[in-house]
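Give the three-dimensional model of this entry:
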Amino acid sequence: MTLDAKVIWKSGLAFTGTANSGFTVNLDSDPAVGGSDSGLRPMELVAIGIAGCTAMDVISILQKKKQDVTAFEVKVTALRAPEHPKRFTDVEIEYVVTGHNIDPAAVERAVELSETKYCSAIATMRGCVNFTRKITLHEATS
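Residues are numbered from 1 along each chain as shown. Have a look, this model is predicted:
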């Protein structure tokens, strides 16, 4: 399977990115480095990609496990090296699951499967980035 992506320059440091799906995203940079602040930063997209990849795995697994999830959020906090290329060095992924009688073991297993078997974004960066996780469960009020 091939993934094709491209960016087309608009002006300054602003680009429009597209990929196989046909959706577009605006990219830009901070004005302090010459951008006009008109889009997401490339490394923000990397963090969103990690969050989205594992989130899709985890919610799919929890649905198969018949967990009554009413809300789900994945937060990524990434630390970057101070020197160029300013790569990610540490990434904490927090899984926030809200629902009725959620089984903590089911969530732990879903996260483990995503992080070790299914999430291609994490697999691509494994060995280059120190990943940690946090799981937060909330009982739904209604």
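
neighbours around A78, how many?
18 (other CB atoms under 10 Å). Glycine gets a C-beta too; all of them are placed from N, C-alpha and C.

And for E94?
15.

which ones are touching the spatially most central residue of the chain?
Taking CA atoms, centre = their mean as the criterion, A51 is the residue nearest the geometric centre of the chain, at 1.8 Å. Counting by CB atoms under 8 Å, 6 or more residues apart in numbering, A51 makes contact with V74, K75, V76, I93.

Could I get the contacting residues of the last one?
Contacts for I93 (CB under 8 Å, 6+ apart) come out as I50, A51, T54, V74, K75, V76, E115, F131, T132, R133, K134.

so I50 makes contact with V91?
Yes: under the criterion of CB atoms under 8 Å, I50 makes contact with V91 at 6.6 Å.

who's more crowded, those two?
The neighbour count for I50 versus V91, taken as other CB under 10 Å, is higher for I50 (23 against 20).

Buried residues, the lengthiest helix in the chain. List them.
The single longest helix within the chain, with elements called by DSSP state H, is helix 42-64. Neighbour counts over helix 42-64 (16 or more other CB atoms under 10 Å) mark 46-47, 49-51, 53-55, 57-59, 61-62 as buried.
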